[in-house]
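[1] after the sequence you'll find the predicted model.
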Amino acid sequence: MIDIKHLKTLSTLKETGSLVNTARELFLTQSALSHQIKDLENKLDCQLFERKTHPVRFTPQGMLLIELAQEILPRVEATKCRIKESLNQPISQLRLSVECHACFHWLLPTIKEFNNFWPDIKIDYERGFSYDAIPELLNDELDLVLTSDLRDPEHLEYAHMFDFKLKLIVAPDHELAKKAYVTALDLKDETIISYPIPRQRQDIFKYFIQNARFDGTLKTVDQGLLIFQLVSAGMGVAALPDWLVTPYESQGLIKSIPLGALGLTRPMYLAMKRNMKDNPVYRHFINTCKQTTR
């Protein structure tokens with residue numbers, strides 16, 4: 001009664017938010033798409049989403065199918081990848097490096113999930129963090145690099161993983177804690193605590209402070225936990241991804257504030273050599289990353 005194509009259609013509708021974009025994404029006419037959805041609703045004897053809403057708002061019954069799609073479709077894709085890979089030259093390992101310290105928070109669960117499907121492929125992340133891993137990728141010393149910066153796009157393929165908000169964190173009693181958002185001028189005399197990354201590569205300087213005057217101090221530490229401890233103790237401020245900030249803020253240890261009135265949004269990419277972009281193992285690793293970070 002419920003086919004894979006139905007799940008893919010509803011999943012795409014959830015992602016795009018509209019019937020027009022879904023039809024375009026699935027290479028269907030709007031008439032064919034509407035007929036497919038109506039046929040499924042008739043079979044299930046229920047409405048799956050509310051018409052004339054943008055983005056599309058699913059009914060509780062529709063959300064049950066969305067949850068089913070999120071569970072089933074990655075498994076189908078993974079199985080297809082494994083079948084294709086069994087017919088090709090096998091890959092024994094993926095050498096991975098990250099240019100984002102905070103990414104290890106969700107990267108290790110991603111690797112574990114990936115290895116559930118590909119137990120014979122070793123994920124080699126012994127290089128761990130590197131603030132400039134792209135040259136190693138270009139020199140074939142790495143296979144994948146997790147990064148927020150696009151470099152050498154003519155030689156590399158960048159798969160977009162997700163977008164995240166960079167938040168300023170301060171002690172709860174810090175004078176900036178009561179502000180709705182901070183400006184570059186607010187940080188002029190602050191001590192900014194960060195991972196050991198060159199200032200010119202740090203997002204808060206590169207995309208927020210930019211050319212504004214900064215007379216404060218840049219203090220670097222190796223561990224994320226230590227950053228939170230120093231900030232909570234009032235010894236400085238820091239800019240970190242929202243996914244890393246939330247657990248500490250919920251405990252009342254720090255206060256997070258948007259960087260600018262609109263906030264500072266940054267992308268996360270998985271970089272690889274262009275000739276590997278269609279490799280099924282690479283595609284499955286990308287899909288696993290996206291699923292894990294939803």
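    Sure thing, it's come through. All values derive from a computational prediction rather than experimental measurement.
[2] going forward, measure contacts and count neighbours with C-alpha atoms only.
    OK.
[3] which strand runs longest in this structure?
    strand 156-170 (DSSP state E).
[4] got a list of contacts for that strand?
    138, 150, 176-177, 231-232, 234, 236-243, 245, 254-259, 263-274, 277, 286, 289-290, 293 (CA atoms under 8 Å, 6 or more residues apart in numbering).
[5] now do the helix or strand containing Thr110: everything it contacts.
    Taking DSSP states H and E as the definition, one finds Thr110 inside helix 104-117. Residues from elsewhere that reach helix 104-117 (CA under 8 Å, 6+ apart): Ala78, Ile121, Lys122, Ile123, Leu244, His284, Phe285, Thr288, Cys289, Thr292, Thr293.
[6] what about 10 Å?
    75, 78-79, 81-82, 98, 118-119, 121-125, 128-129, 146, 243-244, 281, 284-293 (CA atoms under 10 Å, 6 or more residues apart in numbering).
[7] mind listing the helices for the chain?
    With DSSP state H, the ranges of helices along the chain come out as 4-16, 19-25, 30-44, 60-86, 104-117, 134-138, 203, 224-232, 242-250, 280-292.
[8] low-confidence regions, the stretch 101-250 of the chain specifically.
    126 (pLDDT under 70).
[9] tell me who's in contact with Gln30.
    Leu19, Val20, Asn21, Thr22, Ala23, Arg24, Gln36.
[10] the last one and Leu10, how far apart?
    Going from Gln36 to Leu10 by CA to CA, to the nearest Å gives 10 Å.
[11] ditto for Asn42
    Using CA to CA, Asn42 is found at 15 Å from Leu10.
[12] is it true that Leu13 touches Val20?
    Yes: using CA atoms under 10 Å, Leu13 makes contact with Val20 at a distance of 9.2 Å.
[13] which residues do the two both contact?
    Common neighbours of Leu13 and Val20 (CA under 10 Å, 6+ apart) do not exist.
[14] more neighbours: those two, which one.
    A direct count of neighbours by other CA atoms under 10 Å for Leu13 and Val20 places Leu13 higher, at 24 against 14.
[15] please name the nearest non-neighbouring residue to that one.
    Thr22 (5.4 Å; CA to CA, 6 or more residues apart in numbering).
[16] got a list of what that neighbour touches?
    Counting by CA under 10 Å, 6+ apart, Thr22 has contacts Thr9, Leu10, Ser11, Thr12, Leu13, Lys14, Glu15, Thr16, Leu28, Thr29, Gln30, Leu33.
[17] likewise for Lys178?
    Pro172, Lys255, Ile257.
[18] quick check: the residue sitting nearest the centre point of the chain vs Trp243, distance?
    Central residue of the chain (CA atoms, centre = their mean): Phe162, 3.2 Å from the mean position. Counting by CA to CA, the gap from Phe162 to Trp243 is 12 Å.
[19] please apply the same query to Thr183.
    The value you get for Thr183 to Trp243, if CA to CA is used, is 22 Å.
[20] ok, now Thr53?
    Taking CA to CA, one finds Thr53 at 29 Å from Trp243.
[21] of those two, which one has the most company?
    Trp243 (16 against 11).
[22] surely that one and Ser256 touch.
    No: in this structure Trp243 lies outside contact range of Ser256 using CA under 10 Å: 11.6 Å.
[23] what about Leu176, neighbour count?
    Leu176 - counted by other CA under 10 Å - has 20 other residues nearby.
[24] coming back round to it: overlap in contacts of Phe162 and Trp243?
    Thr293.
[25] neighbour count winner among Asn42 and Leu10?
    It is Leu10, of Asn42 and Leu10, that has more neighbours when counted by other CA under 10 Å, with 22 against 10.
[26] contacting residues around that one?
    Thr16, Leu19, Thr22, Ile37, Leu48, Phe49, Phe58, Gly62, Met63, Leu65, Ile66, Ala69.
[27] pLDDT score for the second one?
    Listed pLDDT for Leu19 reads 89.
[28] likewise for the third one?
    Residue-level confidence at Thr22 comes out at 89, pLDDT.
[29] mind checking how far it is from Leu10?
    From Thr22 to Leu10 the distance is 9 Å (CA to CA).
[30] buried stuff in stretch 20-31?
    Buried residues in stretch 20-31, counted by 16 or more other CA atoms under 10 Å: Thr22, Ala23.
[31] over to stretch 97-117?
    Ser97, Val98, Glu99, Cys100, His101, Ala102, Cys103, Leu107, Thr110, Ile111, Glu113, Phe114.
[32] got CSV for those, with distance to Thr217 too?
    Formatted as CSV, the buried residues of stretch 97-117 follow (distance: CA to CA, whole Å):
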residue, distance to Thr217
Ser97, 29
Val98, 26
Glu99, 23
Cys100, 22
His101, 21
Ala102, 22
Cys103, 25
Leu107, 31
Thr110, 36
Ile111, 37
Glu113, 41
Phe114, 41
